[in-house]
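**Student:** just coords:
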């Protein structure tokens, strides 16, 4: 199983006189934030071959040097790169000296790894390339410590720091100028007009094309590996790909709507741990009238913690090599889209089920009618405020109740769907899952149903104080590919979320009479 990974470290020395940049290639035992998530390299896990080039910001058209030597100890691998005598090489040394571009970003093919919690532990990997970058990931390593002022490369000065171990070959250093460098340019020529060139067009223009080349790279396709490595993002623009078959897809079973989650408050999930705690006041201090010369009453503030469990939501698709080879490229765009839909449905359903189990059924049963709706909303809003000391601002309904509300009328005049009503109770549209009903923001979700699956029965509507519930979600979803022993490809799509029920009675559910 092969996976390509990129992560960054800090440059620890820049030597202008010897035209060298030195820095940590791989730190052992440290957590790096990479395109695969949190990754830790074991000691001795990285294999380094000959001819490792140094690029600028992973642009394969901009080589600026080669690895000349490296040394390895129990803390990591430190590499020294010989910088070419080009304008780009001069810029790299100057940027490192001025602290403008201070990191190394390493591209490696992961050959063997295990997962531990949320971390990927690398047992074996092969170094493919290194880039000079602006933002390193490992901030604990030192910044640039030395820059020699002289451009004379004939002899090192006494102040120059030298690392001598694991010499690659003498030829490697000599080949830098031949393979990477252009003819030497004097200082007064630095403002000469540069050569104009066109960069190769990457086929990665969407999430789907990123997934396709990610899979092909995992199968050993070198071109796809380079495309994935050079891609800054998975793409935000839709691809227009000519195809001999229809690109239209009919999907009446999934979408990305999350009406329940949209109706409550949002928070950012903590970076670590499978649970976290939120402090909550359980006893508040009191103030009372005190007669002259009498002692004041004392009520000490007490608190507890709301424990919030972090849940993982994910799905997997297993593809055959034949499907990969013979499918239209549109397939990969649609695969990502459908997995996003499934993720939205799973998370919204989870929140709806949790709110129903902790919320309160309205004390009075009401009919499914315009008067029943008004009676329910008014009593539920008062109950929510009494229990949570916060105002109800949202009404979540099933699609069936949404249909009922649009049909409520006064002597044939629609109450909620009239375009210019004289006495409106709100605004609800058959072309929108959002609206207003009796002063509450309306949210429609088909990810929960009423009691017994009846969309108009008990628990088919909820009046909610959004601050009583908070949905915490990881800032990004993970898309990973893996080649399994049978030659098939696993595609994993997952993320982490947590629902904090801060005040259970902040949701008051419909009670059908």
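**Tutor:** Yep, it's here. In this text the structure is predicted, and so the values were computed from the model without any measurement.
**Student:** Can you verify my assumption that residue 468 contacts residue 391?
**Tutor:** No - using C-beta atoms under 8 Å, residue 468 is not in contact with residue 391; the gap is 10.7 Å. Every residue, glycine included, has its C-beta placed from N, CA and C.
**Student:** Now do the shared contacts for the two.
**Tutor:** residue 384 (C-beta atoms under 8 Å, 6 or more residues apart in numbering).
**Student:** More neighbours: which of these two?
**Tutor:** Here residue 468 and residue 391 are compared on neighbour count by other C-beta atoms under 10 Å; more neighbours surround residue 468, at 25 against 13.
**Student:** Now the more buried one. Nearest residue, chain neighbours left out?
**Tutor:** Leaving aside its sequence neighbours, residue 468 sits nearest to residue 506 (C-beta to C-beta, 6 or more residues apart in numbering; 2.2 Å).
**Student:** The one you found and residue 365, how far apart?
**Tutor:** According to C-beta to C-beta, to the nearest Å, residue 506 and residue 365 sit 21 Å apart.
**Student:** So between the two, which is more surrounded?
**Tutor:** A direct count of neighbours by other C-beta under 10 Å for residue 506 and residue 365 places residue 506 higher, at 27 against 14.
**Student:** Run through the residues that contact the more buried one.
**Tutor:** Counting by C-beta under 8 Å, 6+ apart, residue 506 makes contact with 359, 384, 387, 388, 390, 464, 465, 467, 468, 469.
**Student:** I'd like to know how many residues surround the first one.
**Tutor:** Residue 359 has 23 neighbouring residues, counting by other C-beta under 10 Å.
**Student:** what's the nearest residue to it if we skip its chain neighbours?
**Tutor:** residue 507 (3.4 Å).
**Student:** Number of residues surrounding the one you found?
**Tutor:** Neighbour tally, residue 507, other C-beta under 10 Å: 29.
**Student:** Over to the one 3 residues further on?
**Tutor:** Residues contacting residue 510 under the criterion other C-beta under 10 Å number 29.
**Student:** Let me know the pLDDT of the nearest residue to it once chain neighbours are set aside.
**Tutor:** Spatial nearest neighbour of residue 510, excluding adjacent residues (C-beta to C-beta, 6+ apart): residue 461 at 3.9 Å. What the model reports for residue 461 is a pLDDT of 96.
**Student:** Return the backbone torsion pair for residue 461.
**Tutor:** When read as degrees, to the nearest 10, the backbone of residue 461 gives phi -140, psi 150.
**Student:** Next one: it relative to residue 408, how far apart?
**Tutor:** As for residue 461, its distance to residue 408 is 13 Å (criterion: C-beta to C-beta).
**Student:** Who has more neighbours out of the two?
**Tutor:** With neighbours defined as other C-beta under 10 Å, residue 461 and residue 408 compare such that residue 461 has more, 32 against 20.
**Student:** Just to check, the more buried one is in contact with residue 398?
**Tutor:** Yes - the criterion here is C-beta under 8 Å, and residue 461 meets it with residue 398 at 7.3 Å.
**Student:** For residue 221, grab phi and psi.
**Tutor:** The phi/psi pair for residue 221 (degrees, to the nearest 10) is phi -80, psi 110.
**Student:** ok now do residue 269, which residues does it touch?
**Tutor:** For residue 269, the contacting residues are 310, 472, 473, 474, 475, 496, 497, 498, by C-beta under 8 Å, 6+ apart.
**Student:** Give me the neighbour count for residue 397.
**Tutor:** For residue 397, the neighbour count with other C-beta under 10 Å is 28.
**Student:** Identify the residue nearest it in space, chain neighbours excluded?
**Tutor:** Spatially, and ignoring its direct neighbours in sequence, residue 397 is nearest to residue 461 (4.8 Å; C-beta to C-beta, 6+ apart).
**Student:** about what we covered before: list only buried entries from the contacts of residue 269.
**Tutor:** The neighbour-count test (16 or more other C-beta atoms under 10 Å) applied to the contacts of residue 269 identifies 310, 472, 473, 474, 496, 497, 498 as buried.
**Student:** Among those, which lie within strands?
**Tutor:** 472, 473, 496, 497, 498 (DSSP state E).
**Student:** Helices of the chain, residue ranges please.
**Tutor:** For the chain, the helices defined by DSSP state H occupy 87-97, 170-179, 207-218, 222-230, 259-262, 321-326, 330-358, 370-388, 399-407.
**Student:** My read is that residue 92 contacts residue 64, right?
**Tutor:** Yes - the pair residue 92 and residue 64 passes the contact test of C-beta under 8 Å, sitting 5.1 Å apart.
**Student:** Mean pLDDT per helix and strand in this structure: which one sits at the bottom?
**Tutor:** Taking mean pLDDT, DSSP states H and E as the measure, the chain has helix 170-179 as its least confident helix or strand, at a mean of 41.
**Student:** which stretches of the stretch 401-513 of the chain have low pLDDT?
**Tutor:** Filtered on pLDDT under 70, the stretch 401-513 of the chain yields the residue ranges 418-426, 429-432, 475-487.
**Student:** all strands for it, in order.
**Tutor:** Shown for the stretch 401-513 of the chain, the strands assigned by DSSP state E, counting those that start in this stretch span residues 409-410, 413-414, 426-428, 434-437, 440-444, 461-464, 469-473, 478-483, 489-501, 507-509.
**Student:** Out of the ones you listed, flag the one nearest residue 78.
**Tutor:** Shortest separation from residue 78 across these is recorded for strand 478-483, at 30.1 Å, computed as C-beta to C-beta.
**Student:** Can you give me the end-to-end span of stretch 504-513?
**Tutor:** End-to-end distance for stretch 504-513: 23 Å, by C-alpha to C-alpha, to the nearest Å.
**Student:** now stretch 389-399
**Tutor:** Stretch 389-399 has an end-to-end distance of 29 Å (C-alpha to C-alpha).
**Student:** Give me the residues contacting it.
**Tutor:** Identification of contacts with stretch 389-399 by C-beta under 8 Å, 6+ apart yields 259-260, 263-264, 352, 377, 380-381, 384-385, 405, 437-438, 440-446, 448-450, 455-456, 460-468, 503, 506, 508.
**Student:** same thing but at 7 Å, please
**Tutor:** With contact meaning C-beta atoms under 7 Å, 6 or more residues apart in numbering, stretch 389-399 is reached by 259-260, 263, 377, 380-381, 384-385, 405, 437, 440-446, 448-450, 455, 460-468, 506.
**Student:** So what's the residue count around residue 502?
**Tutor:** 18.
**Student:** pretty sure it contacts residue 305?
**Tutor:** No - assessed by C-beta atoms under 7 Å, residue 502 is found out of contact with residue 305, at 11.5 Å.
**Student:** roughly how far apart are the residue nearest to residue 272 when sequence neighbours are not counted and residue 317?
**Tutor:** With sequence-adjacent residues excluded and distances taken as C-beta to C-beta, 6+ apart, residue 272 is closest to residue 118, at 7.4 Å. Counting by C-beta to C-beta, the gap from residue 118 to residue 317 is 22 Å.
**Student:** Compute the distance between the residue nearest to residue 510 and residue 261, please.
**Tutor:** In this view, residue 461 and residue 261 are 17 Å apart by C-beta to C-beta.
**Student:** Tell me how many other residues surround residue 442.
**Tutor:** 26.
**Student:** Now do the domain split for this protein, please.
**Tutor:** As given by automatic domain parsing, the domain ranges for the chain are 3-198, 200-238, 253-513.
**Student:** as a whole number, average confidence for the shortest one?
**Tutor:** Computed over domain 200-238, the mean pLDDT rounds to 65.
**Student:** pLDDT score assigned to residue 10?
**Tutor:** On the pLDDT scale, residue 10 gets 57.
**Student:** As a markdown table, the helices of the chain with distance to residue 78 and mean neighbour count would be great.
**Tutor:** Formatted as a markdown table, the helices of the chain follow (distance: least, C-beta to C-beta, whole Å; neighbours: other C-beta atoms under 10 Å):
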| stretch | distance to residue 78 | mean neighbour count |
| --- | --- | --- |
| helix 87-97 | 15 | 20 |
| helix 170-179 | 17 | 14 |
| helix 207-218 | 28 | 23 |
| helix 222-230 | 23 | 19 |
| helix 259-262 | 47 | 24 |
| helix 321-326 | 40 | 12 |
| helix 330-358 | 39 | 19 |
| helix 370-388 | 57 | 19 |
| helix 399-407 | 61 | 19 |
